[in-house]
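**Student:** show me how the following folds:
(chains A and B)
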Amino acid sequence: MAIMMPASDQAVLDRRSEIVAALRAIVPGEGVIDSAAEMLPYESDGLMAYRQPPMVVVLPDTTEQVSRILKYCGEQGIKVVPRGSGTSLSGGALPLADAVLLGLGKFKRIREIDFDNRVVVTEPGVTNLAISQAVAHAGFYYAPDPSSQIACSIGGNVAENSGGVHCLKYGMTTNNVLGCEIVLMSGEILRIGGKTAENSGYDLMGIITGSEGLLGVITEITVRILQKPETARALMVGFAEVEAAGECVARIIGAGIIPGGMEMMDKPAIHAAEAFVHAGYPLDVEALLIIELDGPSVEVDELIKRVEAIAQGCGSTTCQISTSEAERNLFWAGRKAAFPAVGRISPDYLCMDGTIPRGALPKALARIRDLSAKYDLRVANVFHAGDGNLHPLILYDANQPGEIERAEAFGADILRACVEFGGVLTGEHGVGIEKRDLMPEMFSEVDLNQQQRLKCAFDAQGLLNPGKVFPTLHRCAELGRMHVHAGKLAFPDIPRF
Amino acid sequence: MDRRNAVDTLKVRDAKDVEQAVRAAIAGEQPLEIIGHGSKRLIGQPMATNAVLDVSALNAVTAYEPNELIITVQAGAPLADVQSLIDSKNQQFAFEPIDTSALLGVSGNGTIGGMIGAGLAGPRRIKAGGARDHLLGAHAVSGFGDSFRTGGRVVKNVTGYDLCKLLTGSWGTLAVMTEVTLKVMPKPESERTLMLAGLDDATANRAMTAALGSPYDVSGAAHLPNSAFRPATGALAGLGAQGRAVTLLRLEGIAASVADRANSLGKALTPFGSVETLDDAASATVWSAIRDVEPFAAGGALGAWPVWRIVCPPASGGALGQALARDTGGDVIYDWGGGLIWAALPPKPDAQAALARQRVETAGGHALLIRASEQVRQSVDVFHPQPAGIAALSQRVRNSFDPKIILNRGRMMLMSAT
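**Tutor:** Sure, this is the predicted structure:
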């Protein structure tokens, strides 16, 4: 493992059977798993290059049990790693050898559907897609749609602030959640927000969303739901040059059009996808854009015309416009299957997730091309082009000595380039362990210390999901120390009035 | 004694000055009041600070990139100037920041920093989100006297904790923002407002619920009971003296789409009566008046009444507002489909806080006393009191940014409670 995780606490490991017994007293029956064979499925999440069996797995099914587990672990100084469906692509749910793995899989009930207030109150183990399905009969849906939506849990979505193809127009998880019930490491149960548009006081919901399971364990979530747009149509536009496709994206946004989704694929990704799903993608183009417009038909028809004209102005070489749902779905089929399609042409791949300003797309692609040559590894590029979120897929073979290390170094260079071009390390997959050690590329020590101090406000002992997000762990007492400068009287050298 | 006489005002020139001022304040155990233009100074508990940190000289536009839909500005930049700059490129802050000057009876619309610190969003919040949803990144100085940054300059970013959410609506109690990056959005090409007349509050609430539950992408849903048009109240710009309640539903977008949706929504609303329409300029005038709570303007007949800003589950708004108006003799207007109630209540020493908050809490909401005399604000919780666990966590969060409570000490909490 290239990434160092916090050292195991031997004293805790020595007490394993006592800890298992204590957990069994809280969660009876099959809710505590301690056999090596049965813990196997929990060894890794979506970042499968990293594996670690947990000390023990506990699967509570009530908030009260979660509270008692956390209180016990807090009092005993035992680390806890929370887990939803285990689809994190950044290792957010990677276990620790001396930690309790707390799975929320049994929290799979939708508690309330309130159409008048346009919210759903749900337990965290419910899948993202199940929420949309539960309200579909009334024409509603839950907007954020990560690619893993059939499997990923809404609790995990909140922890990671998940995005998806449609977040360009409808926002990420943080823009679509209103409240939660959360259990702190102390066992304290808090209710934040609710069916109101905003909470009172500090925006605690906002800080919990995207905190990667480091602040608390969520046991209930209130999400807002929207009415489905009347119709959606897609354009599939090919370009002979990547730069022209990038320009097209910029001009569409610049014209004041915010598509429901705007995706880009480069040649290797197009070829892999076409070979896999036969969506009719043009094979002689360097870049393909899939642009989806949604809303009332009159609006969609008008915007399709405008987008088509912009694409022609940017020198598009092919342009197909969907005329039926079947055709629209076919356009998407290749894009949605891009990852497994790439999986067919390479034994292994790493999926990166940086964001850059839209205008830097051509520059970023050129850099990725150069790096591909430097590291002698192939890469296929899939982007959420509308919001500048890149997903380069680095192809490698784990059976070849040194290839995974080379692939990881390549990926790190791509993320450094994202920061260099004015972007960020991760757009939607989270920092986890994957990008943890790159955090100093984007943040100074002071920036990271401020974030860790906030963690101390929720979890003063640092027991919840340690080893994730922050490259260096500090004790809360050390972070809270105030460096008072000589007691000279106030405010020298600043103009006063 | 006017404590302002003794106030030391520090006009900072850059982030380094802010660091220096905060560090000196820590050393001197002297809390600072943070101001831009001071346009929202009348909101919050009165503070007993005797030093003011004035960021209004940090007023530059660092970068405006219309094609990236972002603008980076220093916190002291005047909101009005920034709004006209982005307006020149046909863009806007989609959350419709409120101009509180008429409500509070002060001049000027304040600064970008004040807009974020207060986080008060207008009618389009139901569709576009609030200020929190449009702040992408910030540079700020914490109560440790340290400059830090959070977020970035791109819309899609999950790198590290989203401290932008905390800074928004923190009323200057966590950190002094020096520069922020905000999302800007294209202005809609056209707008149209459908107007229903004569509905009582509960029925209007149902009409708004129906509209917001429709696929017609409503971007404003407000109800003005006929009391809002009493000659004494001060009429709402653009609507004149109605003498009847009006319920307003706004549609925005390209002209063909707006016309199409207006037609469909009009049909869907037939159970609630006949629909009149207001187009473009007329519609825009009405919505800015609703956004800025014009019926309760400080210069109007209810100018001396305290005003509450109540946020509640939208479908309970009608019943809550109606009961509150009846039991207090006050006036209410509704925005956000019923999810936001502005209530002007006849003056009492406690601004009717006990009664108002009890009703609001029962409905699952919370209430900010956004306008009241200094005397009232000295003894009444301006911000909604929180359950003990949330209050304690909020205090720990505050300590993680500002352990000596140097920044805007006492603004969000009664001094007796700190």
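
**Student:** C-alpha from now on. contacts and neighbour counts both.
**Tutor:** Will do.

**Student:** which stretches in chain B count as helices?
**Tutor:** All helices of chain B, identified by DSSP state H, fall at B:15-27, B:79-87, B:101-104, B:112-118, B:125-128, B:163-167, B:201-212, B:255-268, B:280-291, B:317-328, B:353-362, B:374-379, B:388-401.

**Student:** now do the contacts for A:Gly86.
**Tutor:** Going by CA atoms under 8 Å, 6 or more residues apart in numbering or on different chains, A:Gly86 touches A:Tyr42, A:Ser44, A:Asp45, A:Gly46, A:Ala93, A:Cys152.

**Student:** ok and the residue in the stretch 301-450 of chain A nearest chain B?
**Tutor:** Across the stretch 301-450 of chain A, the shortest distance to chain B (CA to the nearest CA) belongs to A:Gly427, at 4.2 Å.

**Student:** that residue reaches B:Gly160, doesn't it?
**Tutor:** No. Judged on CA atoms under 8 Å, A:Gly427 makes no contact with B:Gly160 at a distance of 10.8 Å.

**Student:** just to revisit the earlier point, how confident was the prediction at the closest residue to the residue of the stretch 301-450 of chain A closest to chain B other than its chain neighbours?
**Tutor:** Closest residue to A:Gly427 apart from its sequence neighbours, by CA to CA, 6 or more residues apart in numbering or on different chains: B:Asn157 at 4.2 Å. Note on B:Asn157: pLDDT of 96.

**Student:** next, count neighbours for B:Asn157.
**Tutor:** Neighbourhood size, B:Asn157 [other CA atoms under 10 Å in any protein chain shown]: 31.

**Student:** what ranges of chain A fall below the confidence cut-off?
**Tutor:** Across chain A, the ranges flagged by pLDDT under 70 are A:1-2, A:483-497.

**Student:** mind telling me what element the residue nearest to the spatial centre of it is part of?
**Tutor:** Nearest to the mean C-alpha position of chain A, by CA atoms, centre = their mean, lies A:His429 at 2.9 Å. Assigned by DSSP states H and E, A:His429 belongs to no helix or strand.

**Student:** what sits against it?
**Tutor:** A:Ser88, A:Leu89, A:Ser90, A:Glu160, A:Ser162, A:Asp353, B:Val158.

**Student:** what about 7 Å?
**Tutor:** Contact analysis of A:His429 by CA atoms under 7 Å, 6 or more residues apart in numbering or on different chains lists A:Leu89, A:Ser90, A:Glu160, A:Ser162, A:Asp353.

**Student:** looking at these, which is nearest B:Ala268?
**Tutor:** Proximity of those to B:Ala268 (CA to CA) peaks at A:Ser162, which lies at 34.8 Å.

**Student:** contacts only, for whatever residue of chain B ends up closest to chain A.
**Tutor:** Nearest residue of chain B to chain A (CA to the nearest CA) works out as B:Asn157 at 4.2 Å. Counting by CA under 7 Å, 6+ apart, B:Asn157 makes contact with A:Thr355, A:Val424, A:Thr426, A:Gly427, A:Glu428.

**Student:** follow-up on the earlier one: look up how far A:Val20 lies from the residue nearest to A:Gly427.
**Tutor:** Distance, B:Asn157 to A:Val20, by CA to CA, to the nearest Å: 39 Å.

**Student:** likewise for A:Ile3?
**Tutor:** 28 Å.

**Student:** who has more neighbours, those two?
**Tutor:** A:Val20 (19 against 13).

**Student:** SS state for that one?
**Tutor:** Here A:Val20 is recorded as helix under DSSP: H, G, I helix; E, B strand; the rest coil.

**Student:** name all residues that make contact with it.
**Tutor:** A:Val20 neighbours (CA under 7 Å, 6+ apart): A:Val56.

**Student:** can you check A:Asn128 too?
**Tutor:** A:Asn128 sits next to A:Gln149, A:Ile150, A:Cys152, A:Ser153, A:Ile154 when contact means CA under 7 Å, 6+ apart.

**Student:** run the last query once more with 10 Å
**Tutor:** The contact partners of A:Asn128, taken as CA atoms under 10 Å, 6 or more residues apart in numbering or on different chains, are A:142-146, A:148-157.
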